[in-house]
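Participant: need the 3D shape of this:
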Amino acid sequence: MRNKRNRTPSEHIGHGLYLYFLGLSTRNVAKALSFLHIVKRSHVAIWKWIQKYRPKRISSKRNRISEFIVDETAIKAGSGYLWLWVAIEPKNKQILALSISKERNMFVAERFIAGLAGIHGKHPVSTDGGTWYPQACRFLKLNHHIHSPLEKSIIERTMQYIKDRTECFDDYFPCNRKKGCNFFHIKNWLSLFGTMHNKEMLNA
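Facilitator: Coordinates of the predicted model:
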């Protein structure tokens, strides 16, 4: 008789994902879950939990959104770099969207901001003044302005926090360059990170 597959309860997976979000490596998450007598799983299993995490979208309160603070930064992925696009809300400091691209131009900026407006409605857009942003906002008929000192401080802290965490990409999510990389592993990580970050902000 075939043994039934030993499925991990969702609450245990939630504990593991939160420990990972707090900064533990997948190996240390596995050790912590075992030490706390929650569940015994390998670091590979933890990695699979991260990759299978599928929220519908990054959660946020629509009625609390006053504007989009948008910025982009380069992150290392494998032997190269990608552009990471981030949008946050200034009052509750929740992440509204995260996206990656190989290029940085007006068309990518427009697509990113259009996605924001499609989900959260039209709001003013605050950026660092990159030439691609005003052009994109004009095309989308959205008000655009340069970061105020407070807005700049908020987005810079958020971007640095994300960059500090993404430095582990090569260790946790190695790219298979021989078969080509579609960067789904990075998108999955960003999806988990954004959701966990917003839950932290709501409970702060």
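Participant: restricting to C-alpha, output stretch 28-39 in PDB.
Facilitator: What follows is stretch 28-39, C-alpha atoms only, in PDB (Å, rounded to 0.1, in the frame of the first residue of the first chain):
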ATOM      1  CA  ASN A  28      18.300  28.300   9.600                       C
ATOM      2  CA  VAL A  29      14.600  28.300   9.100                       C
ATOM      3  CA  ALA A  30      14.600  24.500   8.900                       C
ATOM      4  CA  LYS A  31      16.700  24.400  12.100                       C
ATOM      5  CA  ALA A  32      14.400  26.800  13.900                       C
ATOM      6  CA  LEU A  33      11.200  24.900  13.000                       C
ATOM      7  CA  SER A  34      12.800  21.700  14.200                       C
ATOM      8  CA  PHE A  35      14.200  23.200  17.400                       C
ATOM      9  CA  LEU A  36      10.800  24.800  18.300                       C
ATOM     10  CA  HIS A  37       9.100  21.400  17.700                       C
ATOM     11  CA  ILE A  38       6.900  22.900  15.000                       C
ATOM     12  CA  VAL A  39       7.800  20.600  12.100                       C
END
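Participant: what packs against the helix ranked longest in the chain?
Facilitator: Of all the elements of type helix in the chain, the one with the most residues (DSSP state H) is helix 184-203. Helix 184-203 is packed against helix 10-21, helix 43-52, strand 95-101, helix 149-166, helix 169-172, with contacts defined by 3 or more C-beta pairs under 8 Å, 6 or more residues apart in numbering; DSSP states H and E. All C-beta spots, glycine's among them, are computed from the backbone N, C-alpha and C.
Participant: just the buried positions in it, please.
Facilitator: Within helix 184-203, the residues scored as buried using 16 or more other C-beta atoms under 10 Å are 185-186, 188-198.
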